[in-house]
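Enquirer: sequence? don't have it. structure:
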């Protein structure tokens, strides 16, 4: 039932936007190659749609960590005026009028009664099963494949220069950091949640799993290629007061180190996730 809800535009105020609109399986459950995804009536938000795999291991959600439990996370996109623009009450009403959903609720919960708690639980059950664990990297770790020479060299570089924040095996440490994008912040990030001055301009460190498939990058989708991202870290760091100390001197990437890193990052693509029929839009 959670899968049906995830793909159903009925949950938006004008019936045009579903969760999958901004979290497409074909892009590892991230956005569709656009910096800012469009919600109802073509409205644009201010942040890039993040990928939503391996959420069962995440202690908080959204770029600023403003939501701390997977079961209430859907409330934000469902009710945001520039996303799905609905109310939980009206969603419950619409689902209760649907023969399809009354049947699904009966099968899942033993009763046709629709409640917001049941809706959110179904969402969380589906999202928790969006698991990315079968990339080439994973196969190498399980002894089922081997890296090419370039991939192996890139992996060693990654461990030396990137793993402090993008920690294996989830490829994030779940922290919030200012990675040197701006001197002044049009979006103050984590500060909006904590109201702590030292959190201005900090955003959640995203997982690098499937990173070759989830462009564009950064909280506002400003970079479209991995090369753009590596150029930023090597020579584009902006030294705001809350810059993460590890980036004070950038990340030097001389010679062919960028191409080697990209070779490794591509091994994090999980094509099984993108083609898993169980996670795909259900057939009507």
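Expert: Good, I have the coordinates. Predicted model, so just to flag it, every value in this text is computed and none were measured. Numbers count the residues shown, from 1 in each chain.

Enquirer: who touches the one helix or strand residue 157 maps to?
Expert: Assigned by DSSP states H and E, residue 157 belongs to helix 149-161. For helix 149-161, the external contacting residues (C-beta atoms under 8 Å, 6 or more residues apart in numbering) are 136, 147, 166, 251, 253, 257, 259-267. (Each C-beta comes from the backbone N, C-alpha and C, glycine too.)

Enquirer: just stretch 216-230 next, same as before
Expert: For stretch 216-230, contacts defined as C-beta under 8 Å, 6+ apart pick out 31, 33-36, 46-48, 63, 179, 181, 187, 189, 203, 211-212, 215, 232, 253, 258, 261-262, 265.

Enquirer: list only those of those residues flagged as buried.
Expert: The neighbour count (16 or more other C-beta atoms under 10 Å) marks 31, 35-36, 47-48, 63, 179, 181, 187, 189, 203, 211, 215, 232, 253, 258, 261-262, 265 as buried among those.

Enquirer: these in strands, which ones?
Expert: Applying DSSP state E to those, the entries found in strands are residue 203.

Enquirer: just the buried ones among the contacts of stretch 216-230: which are in helices?
Expert: 232, 258, 261-262, 265 (DSSP state H).

Enquirer: return the member of those residues nearest to residue 143.
Expert: Lowest distance from residue 143 to these (C-beta to C-beta) belongs to residue 265, with 21.3 Å.

Enquirer: so how far is residue 16 from that closest one?
Expert: Counting by C-beta to C-beta, to the nearest Å, the separation of residue 265 from residue 16 is 34 Å.

Enquirer: repeat for residue 171
Expert: As judged by C-beta to C-beta, residue 171 and residue 16 stand 33 Å apart.

Enquirer: neighbour count for these two, which is higher?
Expert: residue 171 (23 against 14; other C-beta atoms under 10 Å).

Enquirer: nearest residue to the more buried one other than its sequence neighbours?
Expert: In space, and not counting its chain neighbours, residue 171 is closest to residue 208: 4.1 Å by C-beta to C-beta, 6 or more residues apart in numbering.

Enquirer: wait, doesn't the one you found sit right on residue 266?
Expert: No. With contacts counted by C-beta atoms under 8 Å, residue 208 stays clear of residue 266, the gap being 10.8 Å.

Enquirer: what number of residues are in the vicinity of the nearest residue to residue 67 once chain neighbours are set aside?
Expert: The shortest distance from residue 67 to any non-neighbouring residue, by C-beta to C-beta, 6+ apart, is to residue 61 (4.4 Å). When neighbours are counted by other C-beta under 10 Å, residue 61 registers 21.

Enquirer: any idea how far residue 31 is from residue 219?
Expert: According to C-beta to C-beta, residue 31 stands 12 Å off from residue 219.

Enquirer: which parts of the stretch 51-200 of the chain are helices?
Expert: Listed in chain order, the helices of the stretch 51-200 of the chain (DSSP state H, counting those that start in this stretch) span 75-79, 88-96, 99-109, 116-128, 136-141, 149-161, 191-194.

Enquirer: ok, which of those helices comes nearest residue 26?
Expert: Per C-beta to C-beta, nearest to residue 26 of the helices of the stretch 51-200 of the chain: helix 116-128, 17.2 Å.

Enquirer: may I see the buried residues of the closest one?
Expert: Residues of helix 116-128 classed as buried by neighbour count (16+ other C-beta under 10 Å): 118-124, 126-127.

Enquirer: for stretch 254-263, same thing?
Expert: So, applying 16+ other C-beta under 10 Å, buried residues of stretch 254-263: 257-258, 260-263.
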